[in-house]
Structures are given as C-alpha cells and as structure tokens.
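# how would this look folded up:
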Amino acid sequence: MKKSAVIISALLLFAVLFAACAKGSATDESTDKTPQNENVLSAYVVSNSGKDLLVTAEDGLYFVSLSDSKVYENSKEIGKEELKAGMSVQIGFDGAVLESYPMQISADVIKVTGETQDKISLFEKVLEEFFNQREDYSWYKTVALDFTKLSVSEPQKNALEYVFTNYLRTKTNADVIRSTREELEKEGKLKDGIFENGVILSLKENGDSTYDFRAYTGPLGAEGSTFKAKMKNGEWKITYTGYWIS
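Coordinates of the predicted model:
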C-alpha cells in the first residue's frame with residue numbers, strides 16, 4: 001500500500017512538472033511574436049499613412065491595410081504609428097492579394113525585424129529637399145527618371161518610380177517617364193543636348209558609399225549634389241558633401 005502511494009505521488013509530481021514545462025514552452029514561443037500565418041511577406045516600409053503601409057518586397061510594391069493588425073517589436077506590442085520608413089518587417093496575412101498596382105493585402109500581425117538599408121525613402125527625401133530649395137518647376141512637361149546607375153533590383157526601381165511619380169505630381173503637371181539622356185537623344189527629344197520643357201532626374205550609386213543626385217535640362221542647365229546617408233531611429237540622416245551647377 002505504501003509502495004503504491006509513493007508511485008502515485010511520483011506520477012502526480014511528474015504530471016505537474018510536465019504541465020509547467022509545457023506552459024513555459026508555449027509562453028516562450030508566443031513571446032517571439034513571429035507571424036504564425038501560412039502567408040508571411042518580408043518587406044521594407046516606405047511610408048505609413050496611419051491607415052496603411054506602403055512597403056516594398058522582392059516581387060514588388062504593396063499597400064498593407066493596418067485596420068485589423070497588431071504590431072510587435074522586440075516581442076512587445078507597439079503602436080501602428082511607430083512603423084517608420086526604413087524598417088524591415090514580416091507581415092502575416094490571410095493570403096488574399098488584390099492585384100492592383102501597388103498590390104494590396106490586409107495584415108493580421110506585423111513584426112519589426114530591424115532597420116534596413118533599403119533606400120527608397122532615402123531617395124524620396126533627397127528629391128523632396130531638392131524641390132523645396134528650388135523655384136517653381138510646374139512648367140515642366142516631361143520628367144525623365146534615370147535609375148540605371150543604382151544597384152537595386154528592378155522591383156525596387158519600379159517602387160522608386162511610383163514614389164517619385166506621386167511626389168512629382170504635387171509639384172508639376174508633367175508626364176513622368178523612365179528614360180536616360182542617351183535614350184532621349186536617340187528619340188530626338190533632346191536638341192543640341194537641351195531637353196526642351198523637360199528635366200532628367202538621375203541617381204548614381206558611387207563606389208565610396210556616396211550617391212549623386214543630378215537634374216539635367218541641358219549643358220547650361222544642370223545641377224546636382226553628392227551625399228552620404230545613415231539610418232538612425234527610423235530616419236535617414238543625410239550629409240551633403242558636394243554640389244555643382246552649370
């Protein structure tokens with residue numbers, strides 16, 4: 001009888017310990033806050049309107065609805081407004097994708113995985129600063145964007161074109177196209193090197209961790225800047241190291 005009581009007590013103790021371990025494992029797993037959805041999109045935040053995110057992913061550009069989502073960073077829930085341009089995120093969603101442009105999904109869970117060197121929001125900021133320091137450009141009929149000297153993927157260039165086009169529409173009534181000076185010359189749109197009623201905006205990634213931004217209307221109508229940038233607390237800090245004009 002005593003032997004049976006000992007065995008029963010041992011079994012009860014084992015059951016309690018097993019339950020505690022199982023509970024601890026579940027807690028540890030949940031604190032990671034990794035999206036458990038079958039469909040998870042790894043992306044970079046370009047902008048946050050408060051209602052949705054504009055993000056870039058390997059296969060293109062997405063609007064992400066925030067209406068029913070929870071956001072986590074370092075295993076803690078944070079406010080949706082704390083999602084900033086330049087953050088890398090994992091987005092759990094139900095798999096439904098609206099095939100618009102940009103594509104559209106609705107997020108269930110978003111996990112911030114860190115800051116990134118994604119440069120779309122950086123180049124948008126450089127563009128904004130350029131226009132804010134210049135006079136009215138509303139007379140442009142055409143704005144050509146040249147991203148051929150950037151070492152980013154084609155989906156990223158498409159996303160950059162989308163962001164630039166939306167911004168430029170607030171400053172001009174121009175048609176925005178993707179083209180280079182050489183292509184425009186072949187098409188006869190430049191006369192004696194002059195882009196009549198138009199401007200070519202180009203970005204170049206140098207080999208020394210600097211970038212060039214250039215605006216070209218003709219041999220005597222070109223200006224540009226060289227800059228470095230560093231992401232800090234979800235915001236690009238830009239240092240201009242050179243400027244030229246002709």
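# Nearest residue to the residue nearest in space to the middle of the chain in space, please, no chain neighbours.
Taking CA atoms, centre = their mean, the centroid of the chain lies closest to Val46, which sits 3.2 Å from it. Take Val46 and drop its neighbours on the chain: the residue closest to it by CB to CB, 6 or more residues apart in numbering is Leu54, 4.4 Å away. Backbone N, C-alpha and C define where each C-beta goes, glycine included.
# Strands of the protein, start to end?
Under the criterion DSSP state E, the chain contains strands at 39-48, 52-57, 60-65, 70-73, 76-78, 87-93, 103-115, 142-149, 175-178, 198-205, 211-218, 221-232, 235-245.
# Just give the number of residues close to the residue nearest to Val46.
23 (other CB atoms under 10 Å).
# List the residues that contact the residue nearest to Ile78 when sequence neighbours are not counted.
Closest residue to Ile78 apart from its sequence neighbours, by CB to CB, 6+ apart: Val71 at 5.3 Å. Taking CB atoms under 8 Å, 6 or more residues apart in numbering, we find Val71 in contact with 77-80, 82-83, 109-112.
# one more time with 10 Å
33, 53, 77-83, 89, 91, 107, 109-112 (CB atoms under 10 Å, 6 or more residues apart in numbering).
# which parts of stretch 147-164 are buried?
147, 150, 152, 156-164 (16 or more other CB atoms under 10 Å).
# quick revisit: from Ala57, how far out is the residue nearest to Ile78?
17 Å (CB to CB, to the nearest Å).
# now do Ala159
9 Å.
# same check, this time on Trp236
In terms of CB to CB, Trp236 sits 20 Å off from Ala57.
# what do you get for Lys191?
41 Å.
# which one of the two has more residues nearby?
Under the neighbour definition other CB under 10 Å, Lys191 and Ala57 were set side by side, and Ala57 has more, 18 against 10.
# mind listing what the more buried one touches?
Ala57 neighbours (CB under 10 Å, 6+ apart): 41-44, 64, 89, 91, 103, 155-156, 159.
# got any ranges where the protein has weak pLDDT?
1-34, 117, 136, 234 (pLDDT under 70).
# Could you find the closest non-adjacent residue to Arg181?
Closest to Arg181 by CB to CB, 6+ apart is Ile200, at 5.6 Å.
# Surely the one you found touches Ala174?
No. Ile200 is beyond contact range of Ala174, at 11.9 Å (criterion: CB atoms under 10 Å).
# Pull up the overlap in contacts between those two.
By CB under 10 Å, 6+ apart, the residues touching both Ile200 and Ala174 are 142-144.
# which one of those residues sits closest to Phe123?
Of all the shared contacts of Ile200 and Ala174, Phe123 sits closest to Val143, with 14.4 Å by CB to CB.
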